[in-house]
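Participant: Got a predicted model here, sequence first, then my questions.
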Amino acid sequence: DAKTTQPPSMDCAEGRAANLPCNHSTISGNEYVYWYRQIHSQGPQYIIHGLKNNETNEMASLIITEDRKSSTLILPHATLRDTAVYYCIVRVGGSNFGNEKLTFGTGTRLTIIP
Amino acid sequence: KAGVTQTPRYLIKTRGQQVTLSCSPISGHRSVSWYQQTPGQGLQFLFEYFSETQRNKGNFPGRFSGRQFSNSRSEMNVSTLELGDSALYLCASSFGLAGAPPYEQYFGPGTRLTVT
């Protein structure tokens, strides 16, 4: 799987949009971009994923650049409960078994400031 | 739907003992993966099971083993425990259909293992 690069930490004011960048310059054509977050001492929580197009769900939006070498996770109205470590992961699709391992990096520690 | 459940949530063992951890996936999910999380190494993949067969394995010694039952429930076993095995062990389940785009994995709360 392609490696990802994320800033180690970020702060965001409560109520503002949090924009978390991820660089995946070696991504392959069949690799998806996934975002997870982990709140202290809990299991990681799936947020969103995408291949080429921008995606939006009830939690967040994912913006993928046209060359697919980077992406941004957007939390539109950050709350204190969004304080967590956010992981950007790229994964191969269409494998023999449909699911390959998730390779977690060090992630971005996002702190929402009241 | 009920989420992924893991038992026990906390465990204290002594060096040299063995331990078995259990994971019940979300109903209908057939793939179960195990991860180890430590402060020093972060989240590391242990292995994945699909339809009772190990499909993928991480770089862990043979002391770490697992299995999956016909109802998709999975167990992970660690023999001859070492101090360095102290960690949060996470289980994740996904639908896991062969040949399809990768499905999102849903994680359980983890089992916190302390080896003394």
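Facilitator: Received, thanks. Note that the coordinates shown come from a computational prediction; the quantities given were computed from them, not determined experimentally. Numbering: from 1, shown residues only, chains lettered A, B, ... in the order given.
Participant: Which positions in chain B make contact with chain A?
Facilitator: B:4, B:31, B:33, B:35, B:42-45, B:48, B:50, B:55-56, B:58, B:88, B:90, B:92, B:94-110 (Cβ under 8 Å from any Cβ of the partner chain). C-betas here are computed from N, CA, C, even on glycine.
Participant: mind checking pLDDT for residue B:101?
Facilitator: We note a pLDDT of 65 for residue B:101 in this prediction.
Participant: all strands for chain B, in order.
Facilitator: Secondary structure of chain B by DSSP state E: the strands cover B:5-7, B:10-13, B:19-24, B:31-38, B:42-50, B:53-57, B:64-68, B:74-78, B:87-94, B:106-107, B:111-115.
Participant: Dump these into TSV; add mean pLDDT and mean neighbour count as well.
Facilitator: Listed next are those as TSV, based on pLDDT from 0 to 100; neighbours: other Cβ atoms under 10 Å in any protein chain shown:
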stretch	mean pLDDT	mean neighbour count
strand B:5-7	97	16
strand B:10-13	97	13
strand B:19-24	98	19
strand B:31-38	93	24
strand B:42-50	90	22
strand B:53-57	86	15
strand B:64-68	97	19
strand B:74-78	98	21
strand B:87-94	94	25
strand B:106-107	92	22
strand B:111-115	97	18
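Participant: so can I have a markdown table of those showing distance to residue A:35?
Facilitator: Putting the strands of chain B into a markdown table (distance: least, Cβ to Cβ, whole Å) gives the following:
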| stretch | distance to residue A:35 |
| --- | --- |
| strand B:5-7 | 23 |
| strand B:10-13 | 29 |
| strand B:19-24 | 23 |
| strand B:31-38 | 17 |
| strand B:42-50 | 14 |
| strand B:53-57 | 21 |
| strand B:64-68 | 27 |
| strand B:74-78 | 25 |
| strand B:87-94 | 15 |
| strand B:106-107 | 14 |
| strand B:111-115 | 25 |
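Participant: Helix or strand with the lowest mean pLDDT in chain A?
Facilitator: Ranking every helix and strand in chain A by mean pLDDT, DSSP states H and E puts strand A:84-92 at the bottom, with a mean of 89.
Participant: That one: what's the following helix or strand?
Facilitator: strand A:108-113 (DSSP states H and E).
Participant: So that following strand, near chain B or not?
Facilitator: No - residues of strand A:108-113 are not located near chain B by Cβ under 8 Å from any Cβ, the shortest gap being 12.4 Å.
Participant: any residues touching that strand, and which ones?
Facilitator: A:6-14, A:18, A:20, A:37, A:78-86, A:88 (Cβ atoms under 8 Å, 6 or more residues apart in numbering or on different chains).
Participant: Out of those residues, name the ones that lie in strands.
Facilitator: Per DSSP E, the contacts of strand A:108-113 map to strands at A:9, A:10, A:11, A:12, A:13, A:18, A:20, A:37, A:84, A:85, A:86, A:88.
Participant: list the contacts for the last one?
Facilitator: Right, residue A:88. A:4, A:6, A:20, A:22, A:24, A:33-35, A:71, A:73, A:105, A:107-108.
Participant: is it in a bridge, and if so with what?
Facilitator: residue A:35 (DSSP bridges).
Participant: Leaving out chain neighbours, which residue sits closest to the most centrally placed residue in chain B?
Facilitator: Closest residue to the average C-alpha location of chain B: residue B:34 at 2.8 Å, with Cα atoms, centre = their mean. If you skip the residues right next to it in sequence, residue B:34 has residue B:46 as its closest partner in space, 4.1 Å away by Cβ to Cβ, 6 or more residues apart in numbering or on different chains.
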